[in-house]
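Asks: this one's structure only:
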């Protein structure tokens, strides 16, 4: 993809998104906005943009003077080479969508730009945050890959705020820990999960659902709604909540990899639902592995 003609990214009226592929070009553009006192927002993505991503970009555009959208399929967070190779890619489409949502810069680095020859540094967050749930299934190295690429993006852009989606709840908890541990002056903005009209959480992997698998994928939403209903009816035993959610998934012919009720901040398992909890689910549906979650408060507040 050729780079678009340069533009004044600090201008009040932006008529095109600036596409850059090198860190040096990115820093030149970001420096202009920072020099003028602008607030910098970063939306990290792996491309294949859908309305969930676009909602993050729109939120960033409403709150920041300059919005950088990174589009990079990060190989270090995949533990399955086939999954990496099957990940959908359409850079021209992604850039156009990012522009329409309000992005000013689209950063599309090559793998060699992010991980140059001799690269040997990994950011590792250890313990339950990376070893449980997705970490237990995919291995903690998945989150070490996430932490490493996010740290690099933070260093490249030096944003004032970074925008992530609630759908990847564990990733958000890991990034929050990363920001705190490294004393990074970045506000983490976690935005609500964007959903299809029938409730399925938007994901780049949804395009791979075919035929009855698309309907079966609603098992994850059913599980969350079952948990929500149980807690709303006064159930405080987390094991009972999990049992009801699991039953809802099995009724659609989907066997969960896990259904868990955890603390939203620490991901520690909860036994008594007497405060806000995070209900998380994961399951393979046909050729696709899906995840979803819901924040539920016994008082009735749901996110």
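Replies: Received it, and whenever you're ready, just let me know what you need. Predicted model only: the values in this text are computed from it and were never measured.
Asks: Go ahead and confirm residue 47 touches residue 91.
Replies: Yes - shown here, residue 47 and residue 91 form a contact pair, counting by Cβ atoms under 8 Å, at 6.8 Å. Heads up, the C-betas are built off the backbone N, CA and C, glycines and all.
Asks: Would you list the phi and psi of residue 233?
Replies: phi -80, psi 0 (degrees, to the nearest 10).
Asks: Residue numbering should commence at 845 henceforth.
Replies: Understood, numbering begins at 845; the last thing we discussed is residue 1077.
Asks: Could you tell me how many residues sit around it?
Replies: When neighbours are defined as other Cβ atoms under 10 Å, residue 1077 has 7 of them.
Asks: Residue 876 versus that one, what's the distance?
Replies: As judged by Cβ to Cβ, to the nearest Å, residue 1077 and residue 876 stand 56 Å apart.
Asks: Residue 1141 too?
Replies: Counting by Cβ to Cβ - residue 1141 and residue 876 are separated by 43 Å.
Asks: Also residue 1091?
Replies: 56 Å.
Asks: same thing with residue 942?
Replies: 19 Å.
Asks: Quick one: classify residue 903 as helix, strand or coil.
Replies: Assigned with DSSP: H, G, I helix; E, B strand; the rest coil, residue 903 falls in the helix class.
Asks: count of residues packed around the nearest residue to it once chain neighbours are set aside?
Replies: Leaving out its chain neighbours, the residue that sits closest to residue 903 by Cβ to Cβ, 6 or more residues apart in numbering is residue 1035, at 5.5 Å. Residue 1035 has 18 neighbours, counted by other Cβ under 10 Å.
Asks: Could you do residue 983 as well?
Replies: Count around residue 983 with other Cβ under 10 Å applied: 14.
Asks: Show me where this structure has its strands.
Replies: 862-864, 884-889, 910-915, 949-951, 1005-1009, 1031-1035, 1102-1106, 1121-1129, 1132-1140 (DSSP state E).
Asks: Run through who's touching the fifth one.
Replies: Spelled out, that is strand 1005-1009. 883-888, 896-897, 899-901, 903-904, 907-908, 994, 998, 1015-1016, 1019, 1030-1038 (Cβ atoms under 8 Å, 6 or more residues apart in numbering).
Asks: Selecting buried members of those in PyMOL, what would you type?
Replies: To isolate the buried members of these in PyMOL, using 16 or more other Cβ atoms under 10 Å:
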select buried, resi 883+884+885+886+887+888+896+897+899+900+901+903+904+908+994+998+1015+1016+1019+1030+1032+1033+1034+1035+1037+1038
